[in-house]
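Asks: 3D, please:
(2 chains)
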Amino acid sequence: MNSLKIDNLQASIDDKSILRGLSLEIPKGEVHAIMGPNGSGKSTLAKVLSGHPDYEVTGGTATLDDDSLLGLEPDEISRLGLFLAFQYPMEVPGVSIANFIRAALNARLKEGEKIKAVEYYKDLYAHMDDLGMDRKFTSRSLNDGFSGGEKKRCEILQMSMLSPKYAILDETDSGLDIDALRVVSDGVNRMRNPERGILVITHYQRLLDYIVPDYVHVMSEGKIVRTGGKELALELEDRGYDWIKQEAVAS
Amino acid sequence: MPPFSFDQPQTFELFAEGRSWEPGWLADYRKECWEQFSNLPKRVLKDERWRFSPRARFGLTKIDGLANAKESLLIESASTVDGISFDLLDRLILDQAHSISLLPKISGPNLGADDYSLLTGAFAETGFILRAQASARSDDPVIIEHREPEAGKIAFHHNLIELEAHAEVTLIEKFTAHPRNPGGHISNLLKVRLGEGARLNRVVLQECSQSSSLVQMENFIVGKNANLNTVSLHLGSGQSRIESKGVLQGEGANFDYGSVYLGRNDQLFDQRTIQVHEAPHCTSNLLCKNVLCNQSKSIFSGLIKVEEKAQHTDAYQTNRNLLLGSEGKADSLPGLEILANEVKCSHGATTSRIDPQDLFYLQSRGITSEKSEKLIALGFLNEPLMGINDKNSREWAMQCLESSFAS
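Replies: Numbers count the residues shown, from 1 in each chain, chains lettered A, B, ... in the order given. Sure, this is the predicted structure:
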């Protein structure tokens, strides 16, 4: 199976049910977008798939290719090939970007393998150049004092360095001005390829002008309630979410 | 012969007999220290200067003899610059006694370990003496190694740094473990005087054995427009008591003090500091960061004291503790005593654990929780090391910390 497959997933936090039987399949080579109103459970989905310890999975399955993700530690899920670009990346003082990414790459090496420093920095700089990041960033503390745009670029930098099989981008457009949005979207588009599946979570259609999805899903109250092509996003922009909610209730 | 004990007058008498060749003033000083030590009041239960400290861990009864002084202190790298001398006390006593004449004249920090301070005055056979004449400057650091003596023995080091006007020196002090029979004691008393415009950069790396004891007493007297930058990295020692006093004596003096402690097992780190502002327009900045793993414990007690005439003082004091695991403990007692009215002072102390959201973030990149915690803790401890002026020393200190974490 070459897909990220979620079937009837149910999850809660503090006994409050958030995901209520969500099903979705993202095959490699496709870009899917999830849109939905505040509180519909979009970010929860991203966190549950990434193994966040605050959430309890109460039913359903989630598999990455043939591996079940549920019950695994976040680091195990990451090493299986799932990457989550955070909506609000954490600030970690004293840990430089270069050391952080190197630690993440090291975690993927087999016993006895080593990262060659020269090649690593060459690779890192090349990715930073693509994202228009100053090379001085390598020695800066991870996200510490970064602007919103710098944080999101840093997320995309990590994604491109780790080259995951599947990536979830959680509200990557929030806090970005138009120029930053373009740079970040270009970074994501460069990563589109037949070997990678991407899930973009967003509030707004604007991001999807830059990262054009193959499918758009609408999420409401912990479920996918509608699926369509990229034109669905435009329709939502036009009409809002209420009509979909009402249709969902009616059905 | 009765067993070795600092409670016995013979212990000092025998020692003094063996040092009868020393100049009279030094013999007098030793005797005076010994007498003061003998007259110290028996330990009182409520001594504020030992608050939170399991003081018995620094008890003198565990000591069964004096260390071989020649083996306990070694110069690793001397100075080749004219006007800068870096030598050992025992080599200077006879023919260059003038160069150590300041030793009895400067007091210790007197922040609680009076017993160790006085015993060091009485028994120290060695110590490093770093002196620089006016305007002498060295780019290369001088390096000293304090070696933990064998189990049960105590090494007393009585050290002096005296920089004349506009001299500039970088000093690295290493404290190393006994290679075969660890469990020794070090009592280290350092007295520093910086003349006008002088600059001292000092880096301390302490890697004594987990079964050893260290009592470190430092008194820094900073003259007009002088700069003192000292950063210590404490990685070893079963129990260490650190007493540091910075006196801003001349107008425009600057005192930067950083310390990093990585506690493991049941290590104890007991740190007492005081920043005394005696002159106007001085700045002092103290940053102490501790990471406590396992059952390790840290105590920080610090005071900023601004005297009435020390107007336009800028003084800061920060202690931050990070607990890894559930059994570590950190006690913190920051304090201010301000008599001047135009000052900028702040103090702060925090104790926290790793934020689970930070941990999730690092883990979500594939790094195991154990390694993520280490990375976060390492980052937490990085800040004081960034204050090391000399770039090579800074990188070296960071590497030492990193490899200590890896082990």
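
Asks: how would you label the closest residue to A:Gln205 other than its chain neighbours: helix, strand or coil?
Replies: Distances taken as CB to CB, 6 or more residues apart in numbering or on different chains place A:Glu237 nearest to A:Gln205, at 4.0 Å, with adjacent residues excluded. Just so you know, the C-beta spots here come from the backbone N, C-alpha and C atoms, and that holds for glycine as well. Three-state call for A:Glu237 (DSSP: H, G, I helix; E, B strand; the rest coil): helix.

Asks: burial of A:Glu237, as a residue count?
Replies: By other CB atoms under 10 Å in any protein chain shown, 13 other residues sit near A:Glu237.

Asks: Can you read off the pLDDT for B:Asp87?
Replies: Here, the pLDDT recorded for B:Asp87 equals 95.

Asks: Check which helix or strand A:Gly189 maps to.
Replies: Slight slip there: residue A:189 is Asn, not Gly. helix A:178-190 (DSSP states H and E).

Asks: Packing partners of that helix?
Replies: Using 3 or more CB pairs under 8 Å, 6 or more residues apart in numbering or on different chains; DSSP states H and E as the contact test, the elements touching helix A:178-190 are helix A:117-130, helix A:148-162, helix A:206-210.

Asks: Would you reformat those helices as TSV and include mean neighbour count, distance to A:Pro74 and mean pLDDT?
Replies: TSV is the format used below for those (neighbours: other CB atoms under 10 Å in any protein chain shown; distance: least, CB to CB, whole Å; pLDDT from 0 to 100):
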stretch	mean neighbour count	distance to A:Pro74	mean pLDDT
helix A:117-130	14	23	95
helix A:148-162	21	14	94
helix A:206-210	19	25	90
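
Asks: Looking at the ones you listed, spot the one closest to chain B.
Replies: Closest to chain B of the helices and strands packed on helix A:178-190 is helix A:148-162 (CB to the nearest CB; 6.4 Å).

Asks: quick revisit: relative orientation of the helix holding A:Asn189 and helix A:117-130 in degrees?
Replies: Computed by axes from the mean of the first three to the mean of the last three CA atoms, to 10 degrees, the angle separating helix A:178-190 from helix A:117-130 equals 130 degrees.

Asks: Leaving aside the residues adjacent along the chain, what's closest to the residue in the stretch 251-400 of chain B that chain A sits nearest to?
Replies: Here the residue of the stretch 251-400 of chain B nearest chain A is B:Gly379; by CB to the nearest CB that distance is 2.8 Å. Among residues not flanking B:Gly379 along the chain, A:Gly94 sits closest, at 2.8 Å (CB to CB, 6+ apart).

Asks: and that neighbour, backbone torsions?
Replies: Here is the backbone geometry of A:Gly94 (degrees, to the nearest 10): phi 80, psi -10.

Asks: Name the residue closest to the centre of chain A, please.
Replies: Geometric centre of chain A, nearest residue: A:Ile168, 2.0 Å, by CA atoms, centre = their mean.

Asks: A:Phe86 is in contact with that residue, correct?
Replies: No: contact criterion CB atoms under 8 Å: A:Ile168 and A:Phe86 do not qualify, at 9.7 Å.

Asks: How about the residues of chain B by chain A?
Replies: Proximity of chain B to chain A, by CB under 8 Å from any CB of the partner chain, involves residues B:355-358, B:360-369, B:371-372, B:375-376, B:378-383.

Asks: Take those residues and, keeping just the buried ones, write it as a PyMOL select command.
Replies: Here is the PyMOL command that selects only those of these that count as buried (16 or more other CB atoms under 10 Å in any protein chain shown):
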select buried, chain B and resi 358+360+361+362+363+364+365+366+367+368+369+371+372+375+376+378+379+380+381+382+383
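
Asks: Pull the number of nearby residues for the closest residue to chain B within chain A.
Replies: Among the residues of chain A, A:Gly94 lies closest to chain B, at 2.8 Å counting by CB to the nearest CB. Number of residues near A:Gly94 (other CB under 10 Å) recorded here: 20.

Asks: A:Thr138 versus that one, what's the distance?
Replies: 14 Å (CB to CB, to the nearest Å).

Asks: A:Ile211 too?
Replies: 26 Å.

Asks: Low-confidence bits of chain A, can you list those?
Replies: Within chain A, the stretches with pLDDT under 70 are A:251.

Asks: so where do the helices sit in the chain?
Replies: All of this refers to chain A. For chain A, the helices defined by DSSP state H occupy A:42-49, A:74-80, A:97-106, A:117-130, A:148-162, A:178-190, A:206-210, A:231-239, A:242-250.

Asks: To clarify, I was referring to chain B.
Replies: Secondary structure of chain B by DSSP H: the helices cover B:9-18, B:24-38, B:69-72, B:89-92, B:114-123, B:356-363, B:369-385, B:391-406.

Asks: Any chance you could list what contacts the fifth one?
Replies: Residues from elsewhere that reach helix B:114-123, judged by CB atoms under 8 Å, 6 or more residues apart in numbering or on different chains: B:6, B:12, B:15, B:29-34, B:36-37, B:40, B:58, B:60, B:66, B:104, B:108-110, B:156-158, B:187-189, B:215, B:217, B:241.

Asks: Would you check that A:Glu247 makes contact with A:Arg226?
Replies: Yes: using CB under 8 Å, A:Glu247 is in contact with A:Arg226, at 7.5 Å.

Asks: Of the two, which one has the most company?
Replies: Neighbour count, other CB under 10 Å: between A:Glu247 and A:Arg226, A:Arg226 has more, with 19 against 13.

Asks: what's near enough to touch B:Gln267?
Replies: The contact partners of B:Gln267, taken as CB under 8 Å, 6+ apart, are B:Gln210, B:Ser237, B:Gly238, B:Gln239, B:Ser296, B:Lys297.

Asks: Check these for burial and list the buried ones.
Replies: Judged by 16+ other CB under 10 Å, buried ones among those: B:Ser237, B:Gly238, B:Gln239, B:Ser296, B:Lys297.

Asks: For those, please prepare CSV with the additional fields distance to A:Ser68.
Replies: Shown next, in CSV, are these (distance: CB to CB, whole Å):
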residue, distance to A:Ser68
B:Ser237, 48
B:Gly238, 47
B:Gln239, 49
B:Ser296, 39
B:Lys297, 43
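
Asks: Could you take those and lay them out as TSV, with extra columns for distance to B:Asn265 and pLDDT?
Replies: Below are those laid out as TSV (distance: CB to CB, whole Å; pLDDT from 0 to 100):
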residue	distance to B:Asn265	pLDDT
B:Ser237	11	96
B:Gly238	8	97
B:Gln239	11	97
B:Ser296	7	97
B:Lys297	11	97
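
Asks: List the ones among those residues that fall in strands.
Replies: The members of those that map onto strands under DSSP state E are B:Gln239, B:Lys297.

Asks: From the buried ones among the contacts of B:Gln267, pick the one nearest B:Pro182.
Replies: The nearest member of the buried ones among the contacts of B:Gln267 to B:Pro182, counting by CB to CB, is B:Gly238 at 9.4 Å.

Asks: So that closest one sits against B:Ser211, correct?
Replies: Yes: taking contacts as CB under 8 Å, B:Gly238 lies within contact range of B:Ser211: 5.4 Å.

Asks: of all the helices of chain A, which lies closest to B:Ile304?
Replies: helix A:97-106 (34.3 Å).

Asks: tell me what that closest one is packed against?
Replies: Helix A:97-106 packs on helix A:117-130, helix A:148-162, helix B:369-385, going by 3+ CB pairs under 8 Å, 6+ apart.

Asks: what comes up buried for that helix?
Replies: A:Ile97, A:Ala98, A:Asn99, A:Phe100, A:Ile101, A:Arg102, A:Ala103, A:Ala104, A:Leu105.

Asks: what's the closest non-adjacent residue to the last one?
Replies: When you say that, I think you mean A:Leu105. Excluding its sequence neighbours, the residue lying closest to A:Leu105 (CB to CB, 6+ apart) is A:Ile115, at 5.8 Å.
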